[in-house]
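*Asks:* Predicted structure and sequence below. I'll ask about it afterward.
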Amino acid sequence: MLQAEQIRKGFDGNEVLKGISISVNKGEVLAIIGPSGSGKSTFLRCVTQLETVDSGAITLCGETLVKNGPDGKAVYADKATCSRIGLRIGLVFQNFNLFPHFSVMRNITEAPIRVLGKKREEAEATARELLKKMNLADKADAYPYQLSGGQQQRVSIARALAMEPEILFFDEPTSALDPELTGEILKVIRELAAEHMTMVVVTHEMKFAHDVADYVVFMDDGTIVEQGKPEQLFDSSTNERTRAFLARYH
Ligand code: ADP
Ligand code: MG
């Protein structure tokens, strides 16, 4: 579903991704962990087309988004291909990013109607199902400001799911939430994992990553320090940087 090879990205001559290679198979959950500033968000932003890479290759859902040209610089697919790939993936942000002036219902149905050309009735029926699944059946007419952070984040997950993505990316979905609201978001992601949704989750929730991820990548300073199965990384890593990082979470 995702293959990223040797992704490099710099801002004003400062390289923040120094050759990141990651692959995710259908139905797998990949967790990306690492200290603040290590390039996790930048990597997700590159894969979801919110940033462009300097070099490297990205294939999503079997389609090539970008690859290296003869001069070693990134060459993107044509516009139509890029937007088609964009429609096959979903992204859930740290700060929910709901449209503040739209109701919950409209937040979820806007893109399916405008972008996928779905009929309003059909989009609303899907939205109701998703809201039920998110335990928010009674919030369709509420506005984002009337909801808790945890509820807003569940709406933004419903909004992403309404586009029927083949792979879903989460950038620290719980880090803007009070600890008591974190559990409800993690529960939703666990349920999606049980349904074999393909997901890439940047997270500081180590227990969650340990339990839910099929594979874990530890990033530091724009590189992948270590990657492997959760047991390997969390319970028996011999890498000093990994151990030092994890020690902060115990
Ligand atoms: P993480 O998500 O792991 O905390 P980020 O990907 O947000 O890390 O940031 C990695 C580095 O890239 C940081 O040093 C950050 O300041 C820098 N960076 C991210 N986005 C930009 C940008 N748009 N312009 C300049 N520097 C950026
Ligand atoms: Mg980040």
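*Replies:* Cool, got the structure. Numbers count the residues shown, from 1 in each chain. Ligands and ions are numbered 1, 2, ... in the order given.
*Asks:* Please count neighbours and contacts with C-alpha atoms only from this point.
*Replies:* OK.
*Asks:* Ligand 1 versus the residue nearest the centre of the chain, what's the distance?
*Replies:* The residue lying closest to the centre of the chain (C-alpha atoms, centre = their mean) is F169, at 1.6 Å. For F169, the distance to ligand 1 (C-alpha to the nearest ligand atom, to the nearest Å) stands at 13 Å.
*Asks:* who are the neighbours in contact with that residue?
*Replies:* 44, 89-92, 199-201 (C-alpha atoms under 8 Å, 6 or more residues apart in numbering).
*Asks:* Residues in contact with the helix ranked longest in the chain: which ones?
*Replies:* What stands out as the longest helix in the chain, according to DSSP state H, is helix 179-194. With C-alpha under 8 Å, 6+ apart as the test, helix 179-194 has contacts from 27-29, 134, 149-150, 153-154, 173-175, 199, 208, 212.
*Asks:* repeat that with 10 Å
*Replies:* Helix 179-194 is contacted by residues 27-29, 133-135, 148-151, 153-154, 157, 168, 170, 173-177, 195-199, 201, 205, 208-209, 211-214 when judged by C-alpha atoms under 10 Å, 6 or more residues apart in numbering.
*Asks:* Angles on the backbone of the spatially closest residue to G19 that is not a sequence neighbour, please.
*Replies:* Closest residue in space to G19, ignoring its immediate chain neighbours: Q6 at 4.0 Å, by C-alpha to C-alpha, 6 or more residues apart in numbering. Main-chain torsions, Q6, degrees, to the nearest 10: phi 50, psi 50.
*Asks:* how many other residues sit next to Q6?
*Replies:* 17 (other C-alpha atoms under 10 Å).
*Asks:* picking that back up, what's the distance between the residue nearest to the centre of the chain and A125?
*Replies:* Counting by C-alpha to C-alpha, to the nearest Å, the gap from F169 to A125 is 24 Å.
*Asks:* my read: the residue nearest to G19 touches V66, true?
*Replies:* No: if you go by C-alpha atoms under 10 Å, Q6 and V66 don't touch, sitting 11.6 Å apart.
*Asks:* shared neighbours of those two, anything?
*Replies:* Common neighbours of Q6 and V66 (C-alpha under 10 Å, 6+ apart) are 55-58.
*Asks:* Mind putting those residues into JSON lines with pLDDT and neighbour count?
*Replies:* Output for those, formatted as JSON lines (pLDDT from 0 to 100; neighbours: other C-alpha atoms under 10 Å):
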{"residue": "S55", "pLDDT": "97", "neighbour count": "23"}
{"residue": "G56", "pLDDT": "98", "neighbour count": "22"}
{"residue": "A57", "pLDDT": "98", "neighbour count": "25"}
{"residue": "I58", "pLDDT": "98", "neighbour count": "26"}
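*Asks:* among these, which are within reach of ligand 1?
*Replies:* Contacts with ligand 1 are made by none of those, judged by C-alpha under 6 Å from any ligand atom.
*Asks:* tally of neighbours for V16?
*Replies:* 20.
*Asks:* can you confirm it is in a helix?
*Replies:* No: assignment of V16 by DSSP: H, G, I helix; E, B strand; the rest coil gives strand, placing it outside any helix.
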